[in-house]
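1. Attaching a predicted model along with its sequence, questions to come.
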Amino acid sequence: MSALGWEPWGIEPNAALARGTVQRLGLPEERVLAGTAEEADFQDGTFDLVTMSHVLEHVHNPRDTLADVARWLAPHGRVRIWLPNYGSLESRAFRHLWQGLDIPRHLYHFTPATLRATLTAAGFEVERMIPQWQGNMLTGSLAYAFAALRGRERAYRESRRLHVAVLPAAAALLALGQGGCLDVTARRRTDAALG
């Protein structure tokens, strides 16, 4: 992003990973906050874009976190969110074996409707909500199902062979709008009372 003229900032809960990111990317130390999204406190209107790649399902209060993000955004700034789709065919088919549940690490589970409502309540207007291309969710769910059939613990390890084998099915689900994850772009509403 730096090479494209952006000024990247980040939030990383793991302090060692935050330091490593600063070193690896050659960023000033203050550009990667070692803490959680809930602990972050940026000035209002600081950013044009905030990305949350598989973050929102991990925070303790998604609406308040999104309201903070809305405050941090410049007028008409955007947030990009990727997260598991609890309303997907994958979720319904695999039920308690669906990898997107990831309990207890995932504190919340969103359908397109609940995510849209949460974003609206936090001061956003959804511009685009589509399935996210990623076959890992289906691969993981199948691995959990195979383990359950064999009466084993649900220890998930990425199987390259299984992943390649399920890519056509993942592509079909994506084409039907039923992928296991969502890809969302929302714009900060300037008419919303933020804070």
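-> That came through, no problem. Numbers count the residues shown, from 1 in each chain.

2. Now do the helices in this structure.
-> Assigned by DSSP state H, the chain shows helices spanning 15-25, 62-72, 89-94, 112-121, 136-149, 160-175.

3. for these, which one sits closest to residue 36?
-> Among these, helix 62-72 comes nearest to residue 36, with 9.0 Å by Cβ to Cβ. The C-beta positions use only the backbone N, C-alpha and C, and glycine is treated the same way.

4. Show me what the closest one is packed up against.
-> Of the remaining helices and strands, those touching helix 62-72 by 3 or more Cβ pairs under 8 Å, 6 or more residues apart in numbering; DSSP states H and E are strand 47-53, strand 73-84, helix 112-121.

5. Among the ones you listed, show me which one is buried the most.
-> Highest mean neighbour count among these (mean count of other Cβ atoms under 10 Å): strand 73-84, with a mean of 19.

6. taking the mean pLDDT, what do you get for that one?
-> For strand 73-84, the mean pLDDT works out to 96.

7. Export that strand to CSV, keeping only CA atoms.
-> What follows is strand 73-84 as a C-alpha-only set of coordinates in CSV (Å, rounded to 0.1, in the frame of the first residue of the first chain):
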residue,chain,number,x,y,z
LEU,A,73,-12.9,7.7,8.8
ALA,A,74,-12.8,10.9,6.8
PRO,A,75,-16.3,12.0,5.4
HIS,A,76,-17.3,9.4,2.8
GLY,A,77,-14.4,7.1,4.0
ARG,A,78,-14.9,3.4,3.5
VAL,A,79,-14.5,0.2,5.6
ARG,A,80,-13.8,-3.1,3.9
ILE,A,81,-14.8,-6.1,6.0
TRP,A,82,-14.3,-9.9,5.4
LEU,A,83,-15.8,-12.4,7.8
PRO,A,84,-17.6,-15.8,7.9
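
8. pull the CA atoms of stretch 32-45 into CSV?
-> What follows is stretch 32-45, C-alpha atoms only, in CSV (Å, rounded to 0.1, in the frame of the first residue of the first chain):
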residue,chain,number,x,y,z
VAL,A,32,1.3,-0.4,14.3
LEU,A,33,-0.6,-0.2,17.5
ALA,A,34,0.1,-3.2,19.8
GLY,A,35,-3.4,-3.7,21.2
THR,A,36,-7.0,-4.5,20.2
ALA,A,37,-9.4,-2.6,18.0
GLU,A,38,-11.4,-1.8,21.1
GLU,A,39,-8.3,-0.2,22.7
ALA,A,40,-7.4,1.9,19.6
ASP,A,41,-8.1,5.6,19.8
PHE,A,42,-7.3,7.4,16.6
GLN,A,43,-8.3,11.0,15.9
ASP,A,44,-11.6,11.6,14.1
GLY,A,45,-11.4,11.8,10.3
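
9. so what are the domain limits for the protein?
-> According to automatic domain parsing, the chain is divided into the following domains: 1-35, 36-188.
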